[in-house]
Structure formats: structure tokens, C-alpha cells
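Asker: pasting the sequence and the predicted model now:
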2 protein chains.
Amino acid sequence: MARRLFYTRGFDNTSLNDLAREAAVPKGNFYYHFPSKDDVLRAVIEARRVHIESTLASWAEDYPEPRTRLKRFIAMIVSERDDLVSYGCPTGSLLTELGKKRDDLQPYALSILNLYVDFAASAFRELGHPVDAARTMALRLLGRAQGAILIAHAYGDLTILDNEIANLDLSLDALERAPGHPAI
Amino acid sequence: MARRLFYTRGFDNTSLNDLAREAAVPKGNFYYHFPSKDDVLRAVIEARRVHIESTLASWAEDYPEPRTRLKRFIAMIVSERDDLVSYGCPTGSLLTELGKKRDDLQPYALSILNLYVDFAASAFRELGHPVDAARTMALRLLGRAQGAILIAHAYGDLTILDNEIANLDLSLDALERAPGHPAI
DNA sequence: GTCTATATTATGATAGAC
DNA sequence: GTCTATCATAATATAGAC
């Protein structure tokens, strides 16, 4: 699938030949379905956006307690730990790649990050934090996750990721004990 | 200079034509000085490594107090804020780019990250933390900086970076007040 | 709709005159 | 050592038969 190749190799490093080989079709076929390679990425991102949106919506149903919901986000990172250490964060690395020389595509990747930021910000809102503080805390949570993944990926070290994610989890606990305090 | 182009455009997105135009020499000349484009990057990284190493050494001289030294690191991020928001972290984005498809070059980028990790770890050691905890805290500090820069770069928002770096600074203060506690 | 060419362009890298 | 070609390759994209 195209998503996997874009993730593991990066967008620019994935050629239409790679995509065609993986899909077992001649590469010329792509241009019947997509006007350009960029549109393949846009379609991949859009499909991903829909998928993540429904995942977050199901979390909102299954975990009405905002702290539990935020912990579910942490649990997702843990469940993806192998890929995250091997290839980095799909969203973070795409944002970083598109941030250089492809500002036109960058907003599409940003729409994925926004899903998570809005998800976390609304949880912090429910915990009683003002809207501005909630967004700041959401950005901090996402940033810490991104940083942990980046470092763990750089060293190819699972234990670094486990350590940092456990610490993030502890920060959520501390937050629980000190409501009203933007402590994450 | 090659370093600036590799930083702002990424390694792969910088062609020899770009390098030649910037240096105002024909691109064929590069192959008199370097066996390949990869070697240009290696030379850039090596020069950077030497430069950073001497900077960190001068900090060690100027700031014998480890907490002050760590704060100097934070101050460096603040002083680079415009570029960091516009192009991301040079080390972090290079690590991310090389982590996909260029595992052969990745160790060179990692040598830069290691400089900062060792710098921070030795400061935490001097603060009395055991060697393992000191390294964990160093990785956490670097990770939080990377995450803050990545998010701020994704949104192109200086205030996000300022916010997060101020919060990192606060974490260093809190650490100061609770020695022996791996709290960063 | 699906496939086999092929066009076009950009890249990293070389050859060889001076 | 420096320059002007030029090669070889790989990429995105198109044309056109079936």
C-alpha cells in the first residue's frame, strides 16, 4: 500500500516504480487514477485523516473520562512502538519532509496533526482548563510525543521510547493530581 | 554555503546545481574536491561537529555551574528561533531525512546529536544524578527541544516555540529545587 | 480501463581541453 | 586546478495500442 511506502521511505524517496511494483500494476496506470504523484499523497493523507478522525471519535464514545482518553492516546503510541522506532512518526516525519521545499503539500500533513491537537485540547478543556491553556497543553503533549519518537528513532532504541512514553504517562497522572495547573 | 542549503532544503532536495550556483563555480569542480555528493554532506557534518564541540567546550569553561550551562543551551535555541520555526532543527530534520533510505549516512548526523546528549548528561551528572539517570534526563531534554521545534515549525508559529522553550526553562528551575529527582 | 512504449527533464558523475 | 562539455540513469509524466 502507498501509505506504508511513503511512511517507511518518505514521499520523495518513493518512486512510481516502487508504488507500481507494490501494487503489481504498471506504473502508467497511476495516471488514469491520479493526475500526479502529489495527488497520490493527498489521497493517502485524506484517507488517513478520515481513519484517524473515526478512531478519535470512537475514543470519545468509549472513554467519556478525558484523562482516560488522553491515556488511550499514549497507549496507541506504545502499540506502535516498533514502527515508530524503526521509521519515526508518520505524521512528524512527513511534516518535516514537506516543510523543506514542499510548502504546497505541507497543509495536508498538518491537517493530520490538527486532529490530534484538537483531540487533546478538547480533553484538557473538559478537565477544566481555559481554551488557550488547553491548546498549549495539547501542543505540549504532541510535542513531547514527537520529540520522544524522534530521539528513539535516531538511536533506534526501543527502551528510549518506552522510557519517555512512561514519563509522559506520569505527567498525565501529575496533571490529574493538580487540576488547574498547566503542568504537562 | 552548503550547510545552509542542506539545512533549508534538505540534503536530497539540494542538487549539485544548487551548490554550484551558490558557490559560483561549475558543478564539475565538486568532483575534484569530493568523491561524491555524500562526501560533501559528510564534510559539512564534520565541520559542524568540530564547531559545536568547541562551542560546548567554551560553555564548559564559561559556565562551571551545570544549571547555568544547561540554561545556556536553552538560550541558544531562543537565539536561533527564527530559523528553527522556518526550517526546523538542522540536526533533527537531518536525522529524520537520513533515517529514511539513507541508513549509511545517519550515523554522521547522529554524531552531532551525541554531542548535545553528552553535554547535557555530563551536566546532570555534575548535579548529582547517577550516570543512567543523567543520560535519560539528557535524552529527555533533547527530545523536548526537538518536539517543541517540530511542532512550532509545523505551524510556522514563533509563539509556540517561545512558549515551549519557556516551559523547558521552568522544568530546569524545578529540577534545581528538587535535586535527586529525575524530573525534567 | 489496462497495458507497453516513450517523451522529458533533472540529477549525480565523468572526460578531457586548457 | 579549473572549466566546458557530456554521459548515464532514474524520475515523473504521456501517447497510444488493445
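Answerer: Arrived safely, thanks for sending. This one's a predicted model, so the numbers in the text were calculated from it and none came from an experiment.
Asker: for A:Tyr7, give me its contacts.
Answerer: Listed by CB atoms under 8 Å, 6 or more residues apart in numbering or on different chains, the contact partners of A:Tyr7 are A:83, A:87, A:90, A:93-94. For the C-beta atoms, the positions are set from N, CA and C on the backbone; glycine is no exception.
Asker: now, those that are in helices?
Answerer: A:83, A:87, A:90, A:93-94 (DSSP state H).
Asker: which ones, among those, also lie beside chain B?
Answerer: A:87, A:93 (CB under 8 Å from any CB of the partner chain).
Asker: from the ones in helices among the contacts of A:Tyr7, which two are the most distant?
Answerer: A:Asp83 and A:Leu94 (13.8 Å; CB to CB).
Asker: got phi/psi on the residue in chain A positioned nearest to chain B?
Answerer: For chain A, the residue closest to chain B is A:Gly147, as judged by CB to the nearest CB, at 2.7 Å. Dihedral angles of A:Gly147 (phi, psi; degrees, to the nearest 10) stand at phi -60, psi -40.
Asker: thought it was touching B:Ala145?
Answerer: Yes: here A:Gly147 reaches B:Ala145: they are 7.0 Å apart, a contact under CB atoms under 8 Å.
Asker: what touches both of those two?
Answerer: Between them, A:Gly147 and B:Ala145 share no contacting residue, judged by CB under 8 Å, 6+ apart.
Asker: where exactly do the helices run in chain A?
Answerer: A:2-9, A:16-23, A:30-33, A:37-62, A:66-79, A:81-87, A:90-99, A:106-126, A:131-155, A:158-177.
Asker: so which of those helices comes closest to B:Ala47?
Answerer: Checking the helices of chain A against B:Ala47 by CB to CB gives helix A:131-155 as the closest, at 20.5 Å.
Asker: show the average pLDDT along that closest one.
Answerer: Regarding helix A:131-155, the rounded mean pLDDT is 98.
Asker: what angle separates that helix from helix B:131-155?
Answerer: 120 degrees (axes from the mean of the first three to the mean of the last three CA atoms, to 10 degrees).
Asker: relative orientation of helix A:131-155 and helix B:90-99 in degrees?
Answerer: Interaxial angle, helix A:131-155 versus helix B:90-99 (the same axes, to 10 degrees): 60 degrees.
Asker: now do helix A:131-155 against helix A:106-126, angle only.
Answerer: Here the directions of helix A:131-155 and helix A:106-126 differ by 120 degrees (the same axes, to 10 degrees).
Asker: so how far is helix A:131-155 off the chain centroid?
Answerer: A distance of 10 Å separates the centroid of the chain from that of helix A:131-155, by CA atoms, centre = their mean, to the nearest Å.
Asker: and stretch A:80-92, by the same measure?
Answerer: 9 Å.
Asker: show me the shaky parts of chain A.
Answerer: A:176-184 (pLDDT under 70).
Asker: near DNA strand C, which residues of it?
Answerer: A:25-29, A:32-33 (CB under 7 Å from any atom of the strand).
Asker: list buried residues within those residues.
Answerer: Neighbour counting with 16 or more other CB atoms under 10 Å in any protein chain shown marks none of the residues of chain A next to DNA strand C as buried.
Asker: and which of those residues is nearest A:Leu113?
Answerer: The shortest gap between A:Leu113 and any of the residues of chain A next to DNA strand C belongs to A:His33, at 26.9 Å (CB to CB).
Asker: give me the buried positions along stretch A:161-179.
Answerer: Under 16+ other CB under 10 Å, the buried positions of stretch A:161-179 are A:161, A:163-165, A:167-169, A:171-172, A:175.
Asker: looking at those, which is nearest DNA strand D?
Answerer: Of all the buried residues of stretch A:161-179, A:Leu161 has the smallest distance to DNA strand D: 30.7 Å, by CB to the nearest atom of the strand.
Asker: check contacts around the residue nearest to A:Ser111 when sequence neighbours are not counted.
Answerer: In this structure, A:Ser111 finds its nearest non-sequential neighbour in A:Arg49, 5.7 Å apart by CB to CB, 6 or more residues apart in numbering or on different chains. Contact analysis of A:Arg49 by CB under 8 Å, 6+ apart lists A:111-112, A:115.
Asker: among those residues, which one has the most neighbours?
Answerer: Among the contacts of A:Arg49, A:Ile112 has the most neighbours (other CB atoms under 10 Å in any protein chain shown), with 20 neighbours.
Asker: can you report how many residues lie near the residue nearest to that residue when sequence neighbours are not counted?
Answerer: In space, and not counting its chain neighbours, A:Ile112 is closest to A:Thr91: 4.9 Å by CB to CB, 6+ apart. A count of nearby residues for A:Thr91, using other CB under 10 Å, gives 24.
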